[in-house]
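A.B. asks: for reference, the sequence and a predicted model appear below.
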Amino acid sequence: MAREMVVNPSKCIGCSTCALTCSITHHDEFRLQNAHVRINKKDFSGIFEICFASTCLGCKKCAGACPTGALKIIRTEDPTTEKPV
Amino acid sequence: MHGYAGKILDINLEAGAIGDYPLEEELRRDYLSGVGINARILYDQAPAGSDPLGPENILVFSVGVLVGTSATTASRTEASAKSPLTGLFGTSNSGCYWGTQLKCAGYDGIIVRGRAREPVYIHIEDGRAEIRPAAHLWGLDAWDTIKTLRREHNDEEIDVALIGQAGENLVRYASIENGYYNAWARTGLGAVMGSKNLKAISVRGRGAVKVARKREFVKAVEDTRQAVLNSPFFGPFSRFGTMLVTLPYQEHGILPGRNFQAGALPGWAETRSRKLVHKFSSRGIACVACPIACAHWVEVKEGPYAGLAIKDMEVTPVIGFGAGCDIDNLPAVAKIGEMCQRYGLDMVSAAAVVAFAMELFQRNILSEEDLGFNLPWGDEEAAFMLLDLVAKRRGLGDILAEGVSRAAERIPGARPYAVHVKGLEPFLMDPRGRWSTWTLGYITNVRGGDHLRTRNPVENLRFNDNPEPYLTEKFEFPEEMYKNLDMPEELKKEIFRTPAGDVDIARMAKWSEDLISLYNATGMCIRPPVLHTVGPTLLSRLYSALTGLDLTPEQILRCGERIWNVQKLFNIKHGEQPADSDYPPRFYDEGVGSGPARGRTLDRKGVKRCLTRYYEARGWNPETGAPTGAKLKDLGLEAD
């Protein structure tokens, strides 16, 4: 059964745990700059953008670490209304 | 170096000198980081008798060692100096991204000495630090300063620690703002920064935090995360943030309503409690690495404050301005919060000062002639005007900018209404209506009257019961919670009179202060899901795996105790007297005015009994509250 990641920025709280997890997983150190996923905050609207670099290999560790479901792993055969991106 | 960046920036503004302060292994092992290192440096180097606003005061920022990693809630940095409000150890803790940036720029902290001749700011970027002119920033509020610095550096990602006009004008409870919405607020550190002619410290770090034992660290992080996520406090805190407490405070009658004249306020639940959080907010905002997101993004869509959008709806301004000043609408409170952030004012002390002035107005001690306007309870426009006078030290604002304690000495007849401990205004729950570990902390806290460094990790706010007056409080949780506490078993037996039974307030106070010292010395947050779940075992695992310096749970707990003791030694060195650790007379002599706790006062003998037990639990002299020689030797502080 295929696993896909659903991205829902409206659930993002801006904690960057995804990016920290990415960097320790792939670079053996914590460095937000090197993460393949990045959170951009908008100071005056309280929203966050979730951006993936072209270097992302799609390991989905970031989704496993996301505490809110802004990044979520689903099985594509599941009868979910959410569409993978 | 693993975990740490490896050096502390040491800047003398007088000489314009920039150097490094050694971060020896002994310092790291004994004091970890954050408040620990700040306390050690300040105790050793801040001269007794010195003026907190003089050039000899030292301002230290230390980033928590876990900051920059994914350790759950590790985002916090401690700022400390001799406090212009208390004359004692001034210290404050703040999260978000500034500390992460500083560490990734190559520094575990910054020591700022001396006073610049002209306004300056410090810019730190990837291992380089510069002192730059800031005359063009002087006079700007905090928000405009951040915007200007980001534009000038052509970099929207720099984070800034800075002061607004209140810090420039040496308001004794000025905060150091941390970006737009956070702050090192308590104890007046913004005035220290202003006294140094230092407007801002902007940081940009693109470096890495290295891990000594990756697999072990990742496992410790995951266990910490699961502990926090599975805490029964997680859901409510994530949903309501600190606004969670607003209803039980009203129900017990322990609000500081109208400057501690009313323990409960009519219409509170409908106008200012957590019931309204989701009317104004649909999402939480987190610090880095935190799943709790206790802060809320607030948008006001109608009424006179329509269009206001801000990270807010936090208990501090709501209790302070909402209850203390009886301002009965949350959008107005949010607007006052914005004003405090822009001027750079500690919202707790600022609310206490406004409430104090409102009571003086109620009692005809202050008049319209004194102020230039009327100052009735609940008048938000008057509160705006008063805070404006304070931040700019104009008119009566010049006296009120000194804080409640000093202002009461200068306004005839004001002293009975001045609520402070050691010069710092405690402005949250009323200890007369609820006696607990938390309220004992108002007088044991090394930074003065404040609620954030002594807190029972398993306090149940629904209940209000002291089986042994002044000595115990009820536990009131399932036994499983007792069993799961990350606390040494022998300590559990001492603190809980019976398994899962009554809590010994004095011993719990010591435990919580040592534990909170550890959070503030590692960068963890003190919010209840953490306070309840993360103890010396998890901290030992996180610290050891990250740094490669192995500390057992016992050793790390000892660090927490050592750090608390060094802060106390600082206070004694700088003139704290035993009698200072006491509540203001109002709490003994005047009953709560209204609500369920109506008529309740504190009992001097009861308080003294509990405080003596606390000193005994600490191994301090039970009369003077000074650490004994034996205790200092036990902590490796015999040379102090």
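C.D. replies: That came in fine, so what should we check first?
A.B. asks: can you name the residue of the stretch 1-150 of chain B nearest chain A?
C.D. replies: In the stretch 1-150 of chain B, the residue found nearest to chain A is B:Ser70; the distance is 3.9 Å by Cβ to the nearest Cβ. Using the backbone N, CA and C atoms, a C-beta is placed for each residue, glycine as well.
A.B. asks: so what touches the longest helix seen in chain A?
C.D. replies: Longest helix in chain A, counting residues (DSSP state H): helix A:17-27. Residues outside helix A:17-27 that contact it (Cβ atoms under 8 Å, 6 or more residues apart in numbering or on different chains) are A:29-32, A:34-39, A:50, A:57, A:59, A:61-67, A:71, B:69-70, B:208, B:211, B:214, B:218, B:288-289, B:291.
A.B. asks: may I ask you to confirm that the residue of the stretch 1-150 of chain B closest to chain A is in contact with B:Thr224?
C.D. replies: No: B:Ser70 is beyond contact range of B:Thr224, at 9.6 Å (criterion: Cβ atoms under 8 Å).
A.B. asks: more crowded one of the two?
C.D. replies: B:Ser70 (27 against 24; other Cβ atoms under 10 Å in any protein chain shown).
A.B. asks: neighbours around the nearest residue to that one once chain neighbours are set aside, how many?
C.D. replies: Excluding the flanking residues, the one nearest B:Ser70 by Cβ to Cβ, 6 or more residues apart in numbering or on different chains is A:Leu20, at 3.9 Å. Per other Cβ under 10 Å, the neighbour tally for A:Leu20 reads 27.
A.B. asks: what of B:Thr498?
C.D. replies: 8.
A.B. asks: over to B:Lys483?
C.D. replies: For B:Lys483, the count of nearby residues is 11 (other Cβ under 10 Å).
A.B. asks: so what does the helix or strand where B:Val607 lies touch, helix or strand wise?
C.D. replies: In the assignment (DSSP states H and E), B:Val607 maps to helix B:604-618. Secondary-structure packing of helix B:604-618 (3 or more Cβ pairs under 8 Å, 6 or more residues apart in numbering or on different chains; DSSP states H and E): helix B:437-444, helix B:505-520.
A.B. asks: what does the model give the residue of chain B positioned farthest from its centre for pLDDT?
C.D. replies: Using Cα atoms, centre = their mean, the residue of chain B lying farthest from its centre is B:Glu369. It sits 35.7 Å away. Listed pLDDT for B:Glu369 reads 97.
A.B. asks: so the closest residue in space to B:Arg186 that isn't next to it in sequence, which state does it fall into?
C.D. replies: Of all residues not flanking B:Arg186 in the chain, B:Ser92 sits nearest, at 4.8 Å (Cβ to Cβ, 6+ apart). Three-state call for B:Ser92 (DSSP: H, G, I helix; E, B strand; the rest coil): strand.
A.B. asks: ok, now which ones touch B:Ser92?
C.D. replies: Counting by Cβ under 8 Å, 6+ apart, the residues that B:Ser92 touches are B:Glu78, B:Ala79, B:Ser80, B:Ser175, B:Ile176, B:Ala183, B:Trp184, B:Ala185, B:Arg186, B:Thr187, B:Leu189, B:Arg447.
A.B. asks: any chance of those residues in CSV, plus neighbour count, pLDDT and secondary structure?
C.D. replies: Output for those, formatted as CSV (neighbours: other Cβ atoms under 10 Å in any protein chain shown; pLDDT from 0 to 100; DSSP: H, G, I helix; E, B strand; the rest coil):
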residue, neighbour count, pLDDT, secondary structure
B:Glu78, 26, 98, strand
B:Ala79, 33, 98, strand
B:Ser80, 31, 98, strand
B:Ser175, 36, 98, coil
B:Ile176, 33, 98, strand
B:Ala183, 26, 98, strand
B:Trp184, 25, 98, strand
B:Ala185, 28, 98, coil
B:Arg186, 30, 98, helix
B:Thr187, 32, 98, helix
B:Leu189, 33, 98, helix
B:Arg447, 24, 97, coil
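A.B. asks: of the residues you listed, closest to B:Arg604?
C.D. replies: B:Arg447 (23.6 Å; Cβ to Cβ).
A.B. asks: which strands border the helix or strand hosting A:Ile74, and is each parallel or antiparallel?
C.D. replies: Secondary structure assignment for A:Ile74, by DSSP H and E: strand A:71-75. The strands that strand A:71-75 pairs with in its sheet are strand A:3-7 (antiparallel) (by DSSP bridges).
A.B. asks: check the offset of the partner strand from the chain's centre.
C.D. replies: 9 Å (Cα atoms, centre = their mean, to the nearest Å).
A.B. asks: one step back: between the contacts of B:Ser92, which sits nearest B:Val60?
C.D. replies: B:Ser80 (5.2 Å).
A.B. asks: correct me, but that closest one touches B:Gly36?
C.D. replies: No: taking Cβ under 8 Å as the definition, B:Ser80 is not a contact partner of B:Gly36, at 10.3 Å.
A.B. asks: joint contacts of those two?
C.D. replies: B:Ser62.
A.B. asks: so after the helix holding B:Val607, what's the next helix or strand?
C.D. replies: helix B:629-634.
A.B. asks: neighbouring contacts of that following helix?
C.D. replies: Contacts for helix B:629-634 (Cβ under 8 Å, 6+ apart): B:Asn565, B:Arg618, B:Gly619, B:Trp620, B:Glu638, B:Asp640.
A.B. asks: between which two of those residues is the distance greatest?
C.D. replies: Longest span within the contacts of helix B:629-634, Cβ to Cβ: B:Arg618 and B:Glu638, 16.7 Å.
A.B. asks: more neighbours, those two?
C.D. replies: B:Arg618 (24 against 11).
A.B. asks: tally of neighbours for residue 55?
C.D. replies: You didn't say which chain, so I picked chain A. 9.
A.B. asks: hm, I was asking about chain B
C.D. replies: B:Pro55: 17 neighbours (other Cβ under 10 Å).
A.B. asks: surely it is in a strand?
C.D. replies: No: the assignment for B:Pro55 (three-state DSSP) gives coil, which keeps it out of a strand.
A.B. asks: ok, and the closest non-adjacent residue to it?
C.D. replies: B:Arg115 (3.9 Å).
A.B. asks: quick check, nearest of the contacts of helix B:629-634 to B:Asp20?
C.D. replies: B:Asp640 (25.0 Å).
A.B. asks: for the lengthiest helix in chain B, output the C-alpha coordinates as CSV.
C.D. replies: Looking across chain B with DSSP H, the single longest helix is helix B:553-573. Only the C-alpha atoms of helix B:553-573 are listed here, as CSV (Å, rounded to 0.1, in the frame of the first residue of the first chain):
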residue,chain,number,x,y,z
PRO,B,553,20.0,12.1,36.9
GLU,B,554,21.4,12.7,40.4
GLN,B,555,24.2,14.9,39.1
ILE,B,556,21.9,16.9,36.8
LEU,B,557,19.4,17.4,39.7
ARG,B,558,22.3,18.6,41.8
CYS,B,559,23.1,21.2,39.0
GLY,B,560,19.6,22.6,39.4
GLU,B,561,20.0,22.9,43.2
ARG,B,562,23.5,24.5,42.7
ILE,B,563,22.1,27.0,40.3
TRP,B,564,19.3,28.0,42.7
ASN,B,565,21.8,28.4,45.5
VAL,B,566,24.2,30.6,43.5
GLN,B,567,21.3,32.9,42.7
LYS,B,568,20.5,33.1,46.4
LEU,B,569,24.2,33.8,47.1
PHE,B,570,24.0,36.6,44.6
ASN,B,571,21.1,38.1,46.4
ILE,B,572,22.7,37.9,49.8
LYS,B,573,25.9,39.5,48.4
